[in-house]
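Novice: Have a look; sequence and predicted model below, questions after that.
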Amino acid sequence: MIILDGRKTSSDIKDEIAVAVKKIVAGGSRAPHLAAVIVGEDGASLTYVGSKVRACKKVGFDSTLVKLPKTTTEDELLNKVHELNNNDAIDGYIVQLPLPSHIDSQKILVAVDPAKDVDGFHPTNFGKMALNLPTFISATPYGVMELLERYNVETEGKHTVVIGRSDIVGRPISILMSRKSNPGNSTVTLAHSRTKNIQELTRKADIIISALGSPNFVKADMVKEGVVVVDVGITRVKDDSEKGYKIVGDVDYENVSKKASYITPVPGGVGPMTIAMLLKNTLQAYTKK
Ligand code: GUN
């Protein structure tokens, strides 16, 4: 069994980006600049955004954190988005999700300039992704693909079962895995909350990618010997630690890993990859400009 080590791989990618940034700056140009907008005080979102900003520093990017109060109106947020679209010093930016319920997320995401949409959430970029055209691929799906690629996991002709159909993880991964590319060229089944007898599908799967957010959902008796397992689940479960919680994946790692050929741990698998891929997208936004 080989562990798909997201910590090491993301660190390698960040090192590669840092080298590229050093070259850019040595050539007399300014560093790439990522901005992140966060509305409200959601603990998990603040943690994620904080990590994104810290990662920028590590690779030599400039970063701007725009913190807005929970009471921010949709129009005020749209104004901020327009401001960022028109700010030439910002190469790419993200609006951290989820947004407070009084704001229509779709309205905000379509207002982001697709050329600065390093999250790849704009319909234009999502459409290009589906059509296999150059674009920004959302960080989490991109991180999954990059892990499979760097570990030379064979995906062509394999049966991949993706569990979960969210707009930002499950659905794009299902598209990427079926695209005519490497990794890709897989026969994909997209399972979700209305799927019947999911274990019948997972037992036949060569590759399982779970993006459900349901702790220990994938059990050893649901997988076959030699399966490749990518666990995208990150659920905070309360415990007695200093932090008060631990991060738990969708997969019963202890037992499933005994049958797997490759598997991602949680934490330390897909999670760290997402930030590295966001930085990669930002470098791409900068270079394109
Ligand atoms: N919330 C959870 N994941 C993400 C992400 O990748 N991007 C943004 N903007 N918000 C998120």
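Specialist: All right, it came through fine. Not measured: the values here are computed from a predicted model.

Novice: I'd like to know how many residues surround the residue lying closest to residue 5 once chain neighbours are set aside.
Specialist: Nearest non-adjacent residue to residue 5, counting by Cβ to Cβ, 6 or more residues apart in numbering: residue 268, 6.9 Å away. Bear in mind the C-beta positions are built from the backbone N, C-alpha and C, glycine included. Residues near residue 268, counting by other Cβ atoms under 10 Å, number 17.

Novice: check contacts around residue 268.
Specialist: By Cβ atoms under 8 Å, 6 or more residues apart in numbering, residue 268 lies in contact with 5-7.

Novice: ok, the residues you listed vs residue 151, which is closest?
Specialist: Distance to residue 151 across the contacts of residue 268 (Cβ to Cβ) is lowest for residue 5, with 8.6 Å.

Novice: Could I get the contacting residues of that closest one?
Specialist: Taking Cβ under 8 Å, 6+ apart, one finds 265, 268-269 in contact with residue 5.

Novice: And the strands in the stretch 101-250 of the chain, which stretches?
Specialist: Here the stretch 101-250 of the chain has its strands, by DSSP state E, counting those that start in this stretch, at 159-163, 187-191, 207-210, 228-231, 235-238, 245-248.

Novice: Pretty sure residue 137 sits against residue 128.
Specialist: No - counting by Cβ atoms under 8 Å, residue 137 sits too far from residue 128 to count as a contact (9.2 Å).

Novice: list residues touching both of these two?
Specialist: Common contact partners of residue 137 and residue 128 (Cβ under 8 Å, 6+ apart): none.

Novice: Give the residue from those two that has the larger number of neighbours.
Specialist: For the pair residue 137 and residue 128, the greater number of neighbours falls to residue 137 (25 against 17), based on other Cβ under 10 Å.

Novice: Contact partners for the more buried one?
Specialist: Applying Cβ under 8 Å, 6+ apart to residue 137 gives the contacts 120, 129, 145, 172, 176, 277, 281.
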